[in-house]
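Enquirer: Based on what follows, work out the 3D shape:
(chains A and B)
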Amino acid sequence: MAKNITPKEKNYSQWYQDVIRAAELADNAPVRGCMVVRPNGYGIWENIQAVFDRAFKETGHVNAYFPLLIPNSFMEKEAQHVEGFAPECAVVTRAGGSELEEPYVIRPTSETVIGYMYSQWVQSWRDLPILINQWCNVMRWEKRPRLFLRTSEFLWQEGHTAHATREEALAETMLMLDVYRRMMQENLALPVIHGEKSMNERFPGADNTFSCEAMMSDGKALQAGTSHFLGQNFAKAFDITYQDKNGKIEYAWTTSWGTSTRMIGAIIMTHSDNDGLVLPPRVAPVKAAIIPISSDEAKLSDSLAPTAMKLSNELNAALGCLGVAVDRQFHMRPGDRFFHHLQRGVPLRIELGEREFDESRVTIVRRDNSKKEQVSFDAAPARVKELLDDIQKNMYDKALAFREQNTRDVSSLDEMKDFFRKNTNGGFARAYFDGSPDDEKDIKDSTGGATIRCMPTEDESRGKCVYTGKEGARRCIFAKAY
RNA sequence: CGGGAUGUAGCGCAGCCUGGCUAGCGUACCUGCAUGGGGUGCAGGUGGUCGGAGGUUCGAAUCCUCUCAUCCCGACCA
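Expert: Residues are numbered from 1 along each chain as shown, chains lettered A, B, ... in the order given. From the prediction side, this is the model:
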């Protein structure tokens, strides 16, 4: 057991922070609520970006960049939007040594500037759809920051699209929700439930919001990605109009969708253990560490290290990435080196020592030391690839099994209260619900914080509402959330 | 922003109540020797204007006021 990490059973928040520190993912910045993303953490983000970016491009989107500063008046054009975001906006009022004529808001999200630009770019039905994504930073002055989950400044991607018809925009909203679900499941090993948000949880300015919800290992829910159907709200606020085939002027229909560095928090809280970080191989910056071991320095530099380099090149070629690194901390004791990689979430360790070398074999060991096997040099690339795929799959299966173990169907309000009272966080409660936003708030108050995370898209069943008793209610996932 | 707590070496802490020699301890770090396949052992050493500002006092880590930051519990959110 790692002595620099508080066990999660003892104090989950402390455990989370300890894992981040031990894995050198991020540090607190000198600015309130901001974080410094360290190389090991940024490497995860780069891998996430790579797989998501590819998926966006495969579905016809292109990248662009819009400015960090937004004229204050833009924010005020959409009533719901300004109401939702005003409390958490940081504003620039001085620049160049004097007071600005109009304050600039540091973007909390870019619907407004992008809407403004779209209004200039769109004239005809032929100009639609516009399918643009941007990777950038945004700032939201949150009350209670937590590394990766909620920081004042965070990195994300925001897609903004404009369409000629309502149907097309709705289809886009659902398409991107599904892209998120797939990417999270396949690459981050996060089983997520995707579905529609309740009115209380809607994005300010959206007609409808959908999300991907994941269960953390303490039973709480985390919203890992959202896709919004904005209707014509922003088109009307920013005058995004086009002339249709009949020559008639129409408002466009828009969508927006985003995922952020919060996904790194989701990965940590879904997979990691009391020894430290556990990373899904597909997004691990280091997928395997080759560790040459010998007490004979000449042997290390003359034969083991060069062989390790050769092996890492072969492995990288086989994996199609640069995820295999040679550990050159030769002066450290083997135990220290193993521990270092363990805490940083490196899925596989390849031990290359005198014992193996003499026999032209390497030892492949899993992070948790659960399996150790010897393979020949020639067989190593294929075997490593196989093992990484296996680990990736097992992580997903394990997370899914955990979610299922902590999900329960509840058919009455008392049962729901009981579910969330018994444990500290409960888990996911599945229940039919057809009440009003105030009814939902009442459930929140009486359960110690459980809210509707989403109404699963794939669940078309109908039943009796736990609150009102009305028949024909949709099924909802209730949970306490981060 | 409300309730609670904490700021002393990179990290974790003691000292504060009851003011007083040169501010300690563990760990990390550096050096040496021995070691070496899941957090090595011994010995020696480097490193602190005690979060910041002001006040009380002959004298402040310690008492008082203000301030900043962090953590926990709420409200808010990707």
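Enquirer: Tell me the first helix or strand C-terminal of the strand or helix carrying residue A:396.
Expert: According to DSSP states H and E, residue A:396 maps onto helix A:380-405. Using DSSP H and E, the helix or strand that directly follows helix A:380-405 along the chain is strand A:407-409.
Enquirer: Name the residues of the helix holding residue A:396 that are buried.
Expert: For helix A:380-405, the neighbour count (16 or more other Cβ atoms under 10 Å) marks A:380-381, A:383-385, A:387-388, A:391-392, A:395-396, A:399, A:402-403 as buried. For every residue, glycine as well, the C-beta is placed using N, CA and C.
Enquirer: got it, and stretch A:204-218?
Expert: A:204-218.
Enquirer: where does residue A:60 fall, helix, sheet strand or coil?
Expert: Following DSSP: H, G, I helix; E, B strand; the rest coil, we place residue A:60 in the coil state.
Enquirer: Which residue, neighbours along the chain excluded, lies closest to it?
Expert: With Cβ to Cβ, 6 or more residues apart in numbering as the criterion, residue A:60 has its nearest non-adjacent residue at 5.4 Å, and that residue is residue A:131.
Enquirer: give me every residue that touches the closest residue to residue A:92 other than its chain neighbours.
Expert: Excluding its sequence neighbours, the residue lying closest to residue A:92 (Cβ to Cβ, 6+ apart) is residue A:104, at 4.5 Å. By Cβ atoms under 8 Å, 6 or more residues apart in numbering, the contact set of residue A:104 is A:69, A:70, A:71, A:72, A:91, A:92.
Enquirer: Any part of stretch A:276-283 near RNA strand B?
Expert: No: on the criterion Cβ under 7 Å from any atom of the strand, stretch A:276-283 is out of touch with RNA strand B, staying 8.0 Å away.
Enquirer: ok, the residue lying closest to residue A:441 once chain neighbours are set aside - how many residues close by?
Expert: Distances taken as Cβ to Cβ, 6+ apart place residue A:200 nearest to residue A:441, at 7.0 Å, with adjacent residues excluded. Using other Cβ atoms under 10 Å, the number of residues around residue A:200 comes to 13.
Enquirer: Check residue A:372 too.
Expert: Residue A:372 has 11 neighbouring residues, counting by other Cβ under 10 Å.
Enquirer: got the contact list for residue A:453?
Expert: By Cβ under 8 Å, 6+ apart, the contact list for residue A:453 reads A:193, A:211, A:213, A:221, A:223, A:428, A:476, A:477, A:478, A:479, A:481.
Enquirer: Which ones among those also lie next to RNA strand B?
Expert: Near RNA strand B, by the rule Cβ under 7 Å from any atom of the strand, you find A:211, A:223, A:481 out of the contacts of residue A:453.
Enquirer: Quickly note the distance from the first one to residue A:369.
Expert: Shown here: residue A:211 relative to residue A:369, a distance of 37 Å by Cβ to Cβ, to the nearest Å.
Enquirer: one step back: doesn't residue A:440 make contact with the residue nearest to residue A:441?
Expert: Yes: under the criterion of Cβ atoms under 8 Å, residue A:200 makes contact with residue A:440 at 5.5 Å.
Enquirer: closest to residue A:360 among the buried residues of stretch A:204-218?
Expert: Residue A:360 has its nearest neighbour among these in residue A:217, at 41.1 Å by Cβ to Cβ.
Enquirer: Over to the closest one: give its phi and psi.
Expert: When quoted as degrees, to the nearest 10, the phi and psi of residue A:217 stand at phi -70, psi 0.
Enquirer: likewise residue A:299?
Expert: Per-residue torsions, residue A:299: phi -70, psi -40 (degrees, to the nearest 10).
Enquirer: So what's the residue count around residue A:140?
Expert: Residues near residue A:140, counting by other Cβ under 10 Å, number 20.
Enquirer: Which residue ranges make up each domain of chain A?
Expert: Annotated domains of chain A cover A:12-271, A:286-389, A:407-479 [automatic domain parsing].
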